[in-house]
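> got a structure for you, letters missing:
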């Protein structure tokens, strides 16, 4: 099984955590969409990550991939059993992927981390302030109202909805913003429980290979961190600035 996408992406991180949780082996092609080649465009017509390749099957979109993994490898489920809870889980995942993804990735991580390093473009400080002072706190107020007081959203075991919330907020943390425990105590404690899980904590060990290493050295650093890196890649050495970002 091959996963195409950088492990710093919250959507890739979500899938890697699920693979770790389920004990499934995989290879990783750690590219970002900006560095995807023409073959990547054929694989992912929207030029988004992650992409899962399982034999001759190609699956796009982290939500679809997570559901495929849960159906194909059901021994350790990440979706609840009841239709009611499955619907709730899907909605929370959608809220996290869409709203938190917009704010944490496109509002913070991209302008503060990606754009300056990849495209040499400085961030708009006023736009950043709007996210950190208004939009993101408003979203966290909603998250706090739905955060579990103990365990995880649908019981004692972590699920895809928990991971979907934690992953974009990890990118916000990398960009310098974390939830204030005084204002969002349930959320902060819940995120700490998720971060302590081996399946999730392992993804955090991959971050230095992406954030603190030159592109030409990342594959070797990931291998040193225990990642089975794919022999061939869908990446290029030159970023594409004109791709659709969302």
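On my side now, so go ahead. Computed from a prediction, not measured in an experiment: that's the story for all the values here.
> Domain parsing of the chain, as residue ranges.
Recorded structural domains for the chain (assignment: automatic domain parsing) are 2-77+205-224, 83-200.
> right, and those domains - which one's nearest residue 236?
Nearest to residue 236, of all those, is domain 2-77+205-224, at 4.7 Å by CB to CB. Just so you know, the C-beta spots here come from the backbone N, C-alpha and C atoms, and that holds for glycine as well.
> can you give me the end-to-end distance of the closest one?
One end of domain 2-77+205-224 to the other measures 18 Å (CA to CA, to the nearest Å).
> Show the subsequent helix or strand relative to the longest helix seen in the chain.
Criterion DSSP state H: the longest helix present in the chain is helix 160-174. Remark: after helix 160-174, the chain's next helix or strand is helix 185-195, criterion DSSP states H and E.
> What distance do you get for the residue nearest to residue 177 when sequence neighbours are not counted to residue 178?
Nearest residue to residue 177, sequence neighbours excluded (CB to CB, 6 or more residues apart in numbering): residue 132, at 5.4 Å. Per CB to CB, to the nearest Å, residue 132 is found 11 Å from residue 178.
> Between those two, which has more neighbouring residues?
residue 132 (17 against 14; other CB atoms under 10 Å).
> Check the secondary structure at that one for me.
helix (DSSP: H, G, I helix; E, B strand; the rest coil).
> Next, work out how far apart it and residue 104 are.
Distance check for residue 132 against residue 104: by CB to CB, it reads 11 Å.
> Could you do residue 169 as well?
For residue 169 relative to residue 104 (CB to CB), the value is 6 Å.
> what do you get for residue 185?
20 Å.
> Tell me which of the two has more neighbours.
More neighbours surround residue 104 than the other of residue 185 and residue 104, with 26 against 14 (other CB under 10 Å).
> Hmm, that one is touching residue 168, no?
Yes - counting by CB atoms under 8 Å, residue 104 does reach residue 168; the two are 3.9 Å apart.
> any shared contact partners between the two?
Counting by CB atoms under 8 Å, 6 or more residues apart in numbering, the shared contacts of residue 104 and residue 168 are residue 10.
> Residue 20 - nearest residue in space that isn't next to it in sequence?
residue 199 (3.9 Å).
> The host helix or strand of residue 13 packs against which elements?
Here residue 13, judged by DSSP H and E, is contained in helix 10-22. Counting contacts by 3 or more CB pairs under 8 Å, 6 or more residues apart in numbering; DSSP states H and E, helix 10-22 is packed against strand 2-4, helix 62-72, helix 160-174, helix 198-204.
> Deepest in the core, which of those is it.
Greatest average neighbour count among the helices and strands packed on helix 10-22 goes to helix 160-174 (a mean of 25), per mean count of other CB atoms under 10 Å.
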